[in-house]
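> fold the following and give me the result.
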Amino acid sequence: MKKFFNEFKEFISKGNVIDLAVGVVIGTAFSKIVSSLVDNIIMPLVGLIIGGVDFSGLSIKFQGASIKYGLFIQNIVDFLIVAFCIFTVIKIMNSFDKKVKEKIKKEEEKKEEKKPELTKDQELLIEIRDLLKKQDKETKKK
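Reported below is the predicted structural model:
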């Protein structure tokens, strides 16, 4: 039992769990903002465009039960707006990540390119040095 609680403590103290909790809290607050946007701005405009219909009041009475399909339509619009916002944020983050990776790749390529090319004089000096080393080794062998 103690091992179980220690594992749980380790799990809960990891950064990912805390990041997830922060995401849920922010998501909840964002959801309220989106719901307000849909309820108070978008749906009244949509209602005006299609002839003054108030979606929140749309319902069907069926054997004493009220089926509120207008609220369902508003929830679908909420979902679409949230999904679009998340899509946009992820697209921006991926674009930023791609640009950072490209920049790093370019910097690495520049470092590889910066290796100085030898001039003809330098190449000849290297050949002379190598020949002298070779002659020195042959001389020492004798």
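> find the residue at the geometric middle of this protein.
With distances taken as CA atoms, centre = their mean, the residue of the chain nearest its centroid is Met93 (4.2 Å).
> for Val24, see how far away that one is.
For Met93, the distance to Val24 (CB to CB, to the nearest Å) stands at 19 Å. For the C-beta atoms, the positions are set from N, CA and C on the backbone; glycine is no exception.
> re the thing from before, quick check: next helix or strand after the helix or strand harbouring the residue nearest to the centre of the chain?
For Met93, the enclosing helix or strand under DSSP states H and E is helix 69-113. Sequence order places helix 120-141 as the next helix or strand after helix 69-113, per DSSP H and E.
> what's in contact with that following helix?
With CB atoms under 8 Å, 6 or more residues apart in numbering as the test, helix 120-141 has contacts from Leu118.
> give me the low-pLDDT residue ranges for this protein?
15, 115, 142 (pLDDT under 70).
> my guess is Lys61 is in a strand, correct?
Yes - counting by DSSP: H, G, I helix; E, B strand; the rest coil, Lys61 is located in a strand.
> how about it, nearest residue that isn't a chain neighbour?
Distances taken as CB to CB, 6 or more residues apart in numbering put Ile67 closest to Lys61, at 7.9 Å, once the chain neighbours are dropped.
> list the contacts of that neighbour.
Ser59, Ile60, Lys61.
> just give the number of residues close to the second one.
So the one you mean is Ile60. 10 (other CB atoms under 10 Å).
> quick one, what contacts it?
Ser66, Ile67, Tyr69.
> go again with 6 Å.
Taking CB atoms under 6 Å, 6 or more residues apart in numbering as the criterion, Ile60 is in contact with Ile67.
> ok, now the first one?
Contact analysis of Ser59 by CB under 6 Å, 6+ apart lists Ser66, Ile67, Lys68.
> okay, it and Phe79: tell me how far apart.
In terms of CB to CB, Ser59 sits 20 Å off from Phe79.
> cool, and the second one?
Here Ile60 is placed at a distance of 22 Å from Phe79 (CB to CB).
> give me the buried positions along stretch 71-81.
Neighbour-count burial for stretch 71-81 flags Ile73, Gln74, Val77, Asp78, Ile81 (criterion: 16 or more other CB atoms under 10 Å).
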